[in-house]
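# Any chance you can model this:
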Amino acid sequence: MQIAKVLGTVVSNHKTRSLTGIKLVILQLIDAQGQLLPSYEVAGDVVGAGVNEWVLVTRGSAARKDSGNEDRPLDAMVVGIIDTVTVDNRSLYSKKDEYRS
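Okay, here's the model as predicted:
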C-alpha cells in the first residue's frame with residue numbers, strides 16, 4: 001500500500017460495464033516525509049474519500065481482492081481514509097487539522 005492525496009474525481013460516462021458504480025479519483029502519491037511526489041494515478045474508490053483527504057491505496061491484484069471487485073479492471077483502489085500519519089514521533093498529517101485550515 002501507499003499513501004496518496006485525493007486531488008479530484010474522474011467522470012467517465014462511457015466505460016466498461018464492470019466499472020459501473022465505481023467512483024474514480026485522481027491521486028497524487030506521498031512519500032514518507034509527507035511530501036507530494038510527481039506521480040499521479042487514477043484509482044477506484046469504494047470508501048468515499050473526499051478531495052484533499054489522505055488515503056491508503058493498493059495496487060495490482062491486491063486492488064481486486066475486496067469482495068465484488070474480483071472481475072473489475074482496476075489497477076489501483078482506495079482502501080482507507082487516513083485519520084493521522086506519524087513518523088519518528090512527528091505528525092505528518094491529521095485529518096482534523098486539515099478541516100480546521
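# The helix or strand harbouring Glu41 packs against which elements?
Taking DSSP states H and E as the definition, one finds Glu41 inside strand 36-45. Under the contact criterion of 3 or more CB pairs under 8 Å, 6 or more residues apart in numbering; DSSP states H and E, the helices and strands touching strand 36-45 comprise strand 2-10, strand 23-30, strand 54-59, strand 76-81. In short, each C-beta sits where N, CA and C put it, glycine included.
# so that strand versus strand 54-59, what angle?
Between strand 36-45 and strand 54-59, the angle formed by their directions is 70 degrees, by axes from the mean of the first three to the mean of the last three CA atoms, to 10 degrees.
# Report the angle between strand 36-45 and strand 76-81.
For the pair strand 36-45 and strand 76-81, the angle between their directions (the same axes, to 10 degrees) equals 90 degrees.
# tell me the average confidence for strand 36-45?
Here the mean pLDDT over strand 36-45 is 94, rounded to a whole number.
# neighbouring strands for that strand, and are they parallel or not?
Strand pairing for strand 36-45, using DSSP bridges, gives strand 23-30 (antiparallel), strand 76-81 (parallel).
# now these in TSV, with mean neighbour count and distance to Ala43?
Listed next are those as TSV, based on neighbours: other CB atoms under 10 Å; distance: least, CB to CB, whole Å:
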stretch	mean neighbour count	distance to Ala43
strand 23-30	19	6
strand 76-81	20	4
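# what's the closest of these to Met1?
Nearest to Met1 among the strands paired with strand 36-45 is strand 76-81; the distance by CB to CB comes to 7.1 Å.
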